[in-house]
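Participant: The amino acid sequence is not available; the structure is as follows:
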């Protein structure tokens, strides 16, 4: 028998409260239904987090700030560059970069100046960081490909396909590509489970499995993104020999050509212990490389 309410309530309100009580009664005595609703809310939250990953993966670089000293250094650098005084322009851009190290505009102008001076290794190093800060900058992309082609032709014997892929990957928004990849696998899994559940003799809990697949993929790629962000990397600006220890007197191990991207494993004064693509480790002077992603240099 339907539950009675005070006479002041209309019949529509009575039906509303009866439906609400029936739903609460159903959820209380049917925990599977309640779990399904919780999984549905969790799935929506995870999908929103999935779509937000590209925004988390790339911090935006700042343009030149409005401090007078910085603006003056930047403008003097532009004036020197316009009159082909590239060494003077480089000094001004470096001074400005110390005040705003996350400016992709300053990094691009400094890279262009180094390129005009014939320092392709330094130019490529600055462009790597500029593209990490702002992967949508078309000018940085075009200059990156031009400098990369010159370094590749000069160090053709030391230029492996993996090195080329590492360089080109700097121009591709990693967060965006991983999002599309994850959405593709989720759609593929959803289509597979829909086909399986279409057979009455072999049903599968589609919603629960889809939520599980989404959770595992997000956790996997988010963990990978965190590990990549914590790993400091550097670009070899000047070709140098890696040594067995942090000293000039130590024996040489292998050659690091300019333009190669390496991992930074340890810092010790003016020396860095690096690891190249072949997993070889050695010590190089910090002045010969440029750290493009800081990560955590304390371990």
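Facilitator: Noted; the coordinates are in hand. Given the structure is predicted, the values throughout are model-derived calculations rather than measurements.

Participant: before we move on, which element is residue 110 in?
Facilitator: Here residue 110 sits within helix 104-116, counting by DSSP states H and E.

Participant: What are the contacting residues of that helix?
Facilitator: With CB atoms under 8 Å, 6 or more residues apart in numbering as the test, helix 104-116 has contacts from 61-64, 74, 77-78, 81, 86, 89-90, 93-94, 96-97, 100, 120, 122-127, 129-131, 133-134, 137, 139-140, 143, 146-147. The C-beta positions use only the backbone N, C-alpha and C, and glycine is treated the same way.

Participant: in which helix or strand would I find the residue nearest to residue 258 when sequence neighbours are not counted?
Facilitator: With CB to CB, 6 or more residues apart in numbering as the criterion, residue 258 has its nearest non-adjacent residue at 3.2 Å, and that residue is residue 121. In the assignment (DSSP H and E), residue 121 maps to helix 120-133.

Participant: what helices or strands is that helix leaning on?
Facilitator: Applying 3 or more CB pairs under 8 Å, 6 or more residues apart in numbering; DSSP states H and E, one finds that helix 120-133 contacts helix 104-116, helix 138-154, strand 233-236, strand 289-293.

Participant: Would you list the strands that the last one pairs with, along with their directions?
Facilitator: Sheet pairing here is set by DSSP bridges, and for strand 289-293 it gives strand 233-236 (antiparallel).

Participant: which residues touch the partner strand?
Facilitator: 121, 124-125, 128, 256-264, 272, 274, 284, 288-293, 295.

Participant: can you give me the mean pLDDT across that strand?
Facilitator: Averaging pLDDT along strand 233-236 yields 85.

Participant: C-terminal to it, what's the next element?
Facilitator: By DSSP H and E, the next helix or strand past strand 233-236 is strand 240-243.

Participant: what's that next one in contact with?
Facilitator: 250-256, 274, 276, 280-285, 288.

Participant: out of those residues, which are buried?
Facilitator: 253, 256, 274, 276, 281, 282, 283, 284, 288 (16 or more other CB atoms under 10 Å).

Participant: between those residues, which is closest to residue 214?
Facilitator: residue 276 (36.3 Å; CB to CB).

Participant: Am I right that the closest one is in contact with residue 256?
Facilitator: Yes. At 6.6 Å, residue 276 counts as touching residue 256 under the criterion of CB atoms under 8 Å.

Participant: can you list residues touching both of these two?
Facilitator: Common neighbours of residue 276 and residue 256 (CB under 8 Å, 6+ apart) are 242, 262.

Participant: about what we covered before: can you add distance to residue 246 and mean neighbour count and give the helices and strands packed on helix 120-133 back as a markdown table?
Facilitator: A markdown table is the format used below for the helices and strands packed on helix 120-133 (distance: least, CB to CB, whole Å; neighbours: other CB atoms under 10 Å):
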| stretch | distance to residue 246 | mean neighbour count |
| --- | --- | --- |
| helix 104-116 | 27 | 24 |
| helix 138-154 | 27 | 17 |
| strand 233-236 | 15 | 24 |
| strand 289-293 | 14 | 20 |
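
Participant: Reformat these as TSV; add distance to residue 69.
Facilitator: What follows is these, written out as TSV (distance: least, CB to CB, whole Å):
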stretch	distance to residue 69
helix 104-116	13
helix 138-154	25
strand 233-236	28
strand 289-293	23
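
Participant: For the contacts of helix 104-116, which ChimeraX command selects only the ones that are buried?
Facilitator: A single ChimeraX command selects the buried members of these (16+ other CB under 10 Å):
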select :61,64,74,77,81,86,89,90,93,96,97,100,120,122,123,124,125,126,127,129,130,131,133,134,137,140,143,147
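
Participant: returning to that earlier point: inside strands: which ones of the contacts of strand 240-243?
Facilitator: 252, 253, 254, 255, 256, 274, 281, 282, 283, 284, 285 (DSSP state E).

Participant: Tabulate those residues (JSON lines), appending pLDDT.
Facilitator: What follows is those, written out as JSON lines (pLDDT from 0 to 100):
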{"residue": "252", "pLDDT": "83"}
{"residue": "253", "pLDDT": "85"}
{"residue": "254", "pLDDT": "83"}
{"residue": "255", "pLDDT": "85"}
{"residue": "256", "pLDDT": "85"}
{"residue": "274", "pLDDT": "85"}
{"residue": "281", "pLDDT": "86"}
{"residue": "282", "pLDDT": "87"}
{"residue": "283", "pLDDT": "89"}
{"residue": "284", "pLDDT": "87"}
{"residue": "285", "pLDDT": "87"}
